[in-house]
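*Asks:* Build me a model:
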Amino acid sequence: MRGPQQRPQNRSGMLLVLGLGVIVIAASAVALQPTLFARQGDETALTYEVTRGNLLITITEQGSLESRKNTEIKSKVRGSNTVTWVIPSGTVVKPGDELVRLDTKQLEENLSLAKTNVHKSRASLAKTTSDLATAKIALQAYEEGEYITELKRRLSDVENSDANLKASRKMLARTENLFKSGFVSELEVRSQLLTVEQAQLELTVNRTKLDILKRYTKAMNLETQRGNLMAGHSYVKRDEAELAMNLSRRTRAEEELDNCVIKASRGGLVIYPLPAPWKNEPEITEGVNVRFDQVLLLMPDLSRMQIKVGIHEEMIERITEGLPATVILPDMTLDAKISSVATVTRPAAWWTGNMVKYDTIIELPSTHGLRPGMTAVVKVVVAEHKDVLSVPVAAVVEAENGHLCWVQTATGIQPRSLELGDSNDEFIVVLGGLNEGDKVLLNPRGHVEDGQADSPNSSRTRPDISPPAGKSKSKPRTRKSDYGD
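*Replies:* Residues are numbered from 1 along each chain as shown. You can find the predicted model right below:
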């Protein structure tokens, strides 16, 4: 029982809303031409008299001011670092003023380690340099000292062995003569013969040692000494390179520690970069991590300002460089022009409602008081129709058999089929179906039932009435509700 009782209340509420909507439409029409009323019996119809005139077609978009030339303040600290303090956005600074401070704890540890590595590299280089000098001396000492000494000793051994062999042979010859004379025994001869053989063997051994010294031992020792010398040179170069690297690391650590305090190179206004479209807060604030070469702050050139707006894909073909534009700011209005139109659309994403738009830049004249981030409304004139018939958009409805309007005549309110052209937010060009001086209803919905009987190509069925579509059969219509932000 409760549900059926609520339905009449809901219907009454809907009727109330519709009534308010009709009042709003009527008020808008009165603002257009408040003196145009016509009576048919006891019913008042709000009308508009069709006239000829000029009609401007504009595209209206919203955007915010930005500088065409920004000095970017970037992080020069490698890796990731934490912001410990940042100057408030909108501050006017002087050269040398602090802008950002980054955390220095990790960099101080890196600097301490770099200094320790420098000391170690210097100690290692000193040792390898000493070893290299020792290797040079050892090579010279062997060639000019040890080898000469060993050579002389081997030569002396060979000479002694040769003299010993000669003496042993003389003694053998004497012993053999004495044996023939009967003065010595055969055993003594054999003993002396063995002495000669031993002397011969000793001479052969000493000569072999001398030959090995000259042909092999000297070459082996020289190669060893020269290898030690080359290794010494390599060790020195290695330690020199390591020292240079550690010195570079120490210098870089010192520079990065200095870069943790970012100062202004010139005076001017400082602002935060615009956040990503899906974020509501700036990316630069205390406690956030920033990466190397990330833009932390901007210093805009206030004498070169511009506005970037997005133009809907259905209207981008009508936008060209050089078109005049009117920029409406809270406290001023500027005449500007379009400087560039993107050839590639900006990526559509969920935060843009998947709407496809093209970035368009409007250059602003140098004017005092312009600040980045100021909201502005941009109106771009894309066409101007001269001496044309036009009617308010509110007077046109779209039915199954085309676009219609209702005209007040001496015999009553009658429907007319229309051929439409270009339009702006308020008026639409009429190419056919109306004449100058005709009076069209601005509130046709209240008279559709009466006018439908005389509608062209009409049946007795009520048409599907809705506001005019975004495109007519002739030319596209420009509606703020369709293309505005």
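
*Asks:* Could you pull up phi and psi at N424?
*Replies:* Dihedral pair for N424: phi -120, psi -160, per degrees, to the nearest 10.

*Asks:* just checking, V397 touches H403?
*Replies:* Yes - between V397 and H403 there is a contact under CB atoms under 8 Å: 7.3 Å. The C-beta positions use only the backbone N, C-alpha and C, and glycine is treated the same way.

*Asks:* Mind naming the longest helix for the protein?
*Replies:* Identified as the longest helix of the chain according to DSSP state H is helix 218-259.

*Asks:* So which elements touch it?
*Replies:* helix 105-141 (3 or more CB pairs under 8 Å, 6 or more residues apart in numbering; DSSP states H and E).

*Asks:* and the helix it packs on, what other elements does it pack with?
*Replies:* Helix 105-141 packs on helix 218-259, going by 3+ CB pairs under 8 Å, 6+ apart.

*Asks:* The helix it packs on to helix 105-141, inter-axis angle?
*Replies:* Counting by axes from the mean of the first three to the mean of the last three CA atoms, to 10 degrees, helix 218-259 lies at 160 degrees to helix 105-141.

*Asks:* got a list of contacts for the helix or strand just after helix 218-259?
*Replies:* Downstream of helix 218-259, the next assigned helix or strand under DSSP states H and E is strand 261-263. With contacts defined as CB atoms under 8 Å, 6 or more residues apart in numbering, strand 261-263 is touched by 73, 75-76, 96-102, 296.

*Asks:* Give the partner strands of strand 261-263 in its sheet and their orientations.
*Replies:* Neighbouring strands of strand 261-263 in its sheet, by DSSP bridges, are strand 98-102 (antiparallel).

*Asks:* centre of the chain versus whichever helix or strand S156 is part of, how much separation?
*Replies:* Taking DSSP H and E as the criterion, S156 maps to helix 147-181. Per CA atoms, centre = their mean, to the nearest Å, the displacement of helix 147-181 from the mean C-alpha position of its chain is 94 Å.

*Asks:* tell me which residues of it are tucked away?
*Replies:* 147, 150, 154, 157-158, 161-162, 164-165, 168-169, 172, 175, 179 (16 or more other CB atoms under 10 Å).

*Asks:* tell me the angle the longest helix of the chain makes with helix 147-181.
*Replies:* Using the same axes, to 10 degrees: helix 218-259 against helix 147-181 is 160 degrees.

*Asks:* At the geometric centre of this protein, which residue do we find?
*Replies:* Q294 (8.5 Å; CA atoms, centre = their mean).

*Asks:* Next up, the contacts around it.
*Replies:* Q294 makes contact with 74-75 under the criterion CB under 8 Å, 6+ apart.

*Asks:* what about N435, distance to P372?
*Replies:* According to CB to CB, to the nearest Å, N435 stands 52 Å off from P372.

*Asks:* likewise E400?
*Replies:* For E400, the distance to P372 - CB to CB - is 51 Å.

*Asks:* same thing with E255?
*Replies:* Going from E255 to P372 by CB to CB gives 31 Å.

*Asks:* sorry, back to before: ok, N435 and P372, which is more surrounded?
*Replies:* Of the pair N435 and P372, P372 is the one with more neighbours under other CB atoms under 10 Å, namely 19 against 11.

*Asks:* And that one, how close does it get to S67?
*Replies:* Counting by CB to CB, the separation of P372 from S67 is 6 Å.

*Asks:* Could you do D425 as well?
*Replies:* D425 is 31 Å from S67, by CB to CB.

*Asks:* try E223
*Replies:* Relative to S67, and taking CB to CB, E223 is found at 72 Å.

*Asks:* Quick check on these two: which one has the bigger neighbour count.
*Replies:* Taking other CB under 10 Å, E223 and S67 do not tie; S67 has more neighbours (20 against 10).

*Asks:* just to revisit the earlier point, beyond the helix holding S156, next helix or strand please.
*Replies:* Per DSSP H and E, the helix or strand that comes after helix 147-181 is helix 186-212.

*Asks:* buried residues in that next one?
*Replies:* 189, 192, 195-196, 199-200, 202-203, 206, 209-210.

*Asks:* And the residue lying closest to A231 once chain neighbours are set aside, how far from S234?
*Replies:* Once flanking residues are discounted, A231 sits nearest to A135: 7.6 Å by CB to CB, 6 or more residues apart in numbering. Note on A135: its distance to S234, by CB to CB, is 11 Å.

*Asks:* Quick one: list the elements packing against whichever helix or strand T60 is part of.
*Replies:* Using DSSP H and E, T60 sits in strand 51-67. Judged by 3+ CB pairs under 8 Å, 6+ apart, strand 51-67 is in contact with strand 295-300, strand 305-312, strand 375-392, strand 412-423, helix 480-483.

*Asks:* which residues sit against the following helix or strand past it?
*Replies:* Toward the C-terminus, strand 51-67 is succeeded by strand 70-74 as the next helix or strand (DSSP H and E). With CB under 8 Å, 6+ apart as the test, strand 70-74 has contacts from 99-100, 262, 264-266, 268, 270, 293-301.

*Asks:* In stretch 50-63, which residues are buried?
*Replies:* 50, 55, 57-61, 63.

*Asks:* correction: stretch 361-380
*Replies:* 361-362, 364, 370, 372, 374, 376-380.

*Asks:* Columns distance to K218 and pLDDT on top of the residues you listed, output as TSV?
*Replies:* Below are the buried residues of stretch 361-380 laid out as TSV (distance: CB to CB, whole Å; pLDDT from 0 to 100):
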residue	distance to K218	pLDDT
I361	84	95
I362	90	95
L364	89	94
L370	89	91
P372	84	89
M374	91	91
A376	93	94
V377	98	95
V378	94	95
K379	99	92
V380	95	91
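
*Asks:* Among those, which one lies nearest to T285?
*Replies:* P372 (18.1 Å; CB to CB).

*Asks:* which residues does that closest one contact?
*Replies:* Applying CB under 8 Å, 6+ apart, the residues near P372 are 64-67, 269, 271, 298, 300, 305.

*Asks:* Could you tell me which of those count as buried?
*Replies:* Using 16+ other CB under 10 Å, the buried members of the contacts of P372 are 65-67, 269, 271, 298, 300, 305.

*Asks:* that older thread, shared neighbours, P372 and S67?
*Replies:* Counting by CB under 8 Å, 6+ apart, the contacts common to P372 and S67 are 298, 300, 305.

*Asks:* Just put those residues in JSON lines and tack on pLDDT and distance to D335.
*Replies:* Converted to JSON lines, the shared contacts of P372 and S67 look like this (pLDDT from 0 to 100; distance: CB to CB, whole Å):
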{"residue": "L298", "pLDDT": "93", "distance to D335": "27"}
{"residue": "P300", "pLDDT": "93", "distance to D335": "22"}
{"residue": "M305", "pLDDT": "94", "distance to D335": "14"}
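
*Asks:* and which of those residues is nearest E286?
*Replies:* Looking at the shared contacts of P372 and S67 and their distance to E286, the nearest is L298, at 18.2 Å (CB to CB).

*Asks:* Can you tell me how far the nearest residue to the closest one once chain neighbours are set aside is from W85?
*Replies:* Nearest residue to L298 in three dimensions, chain neighbours excluded: N70, at 4.5 Å (CB to CB, 6+ apart). Distance of N70 to W85, computed by CB to CB: 22 Å.

*Asks:* Many thanks, we can stop here.
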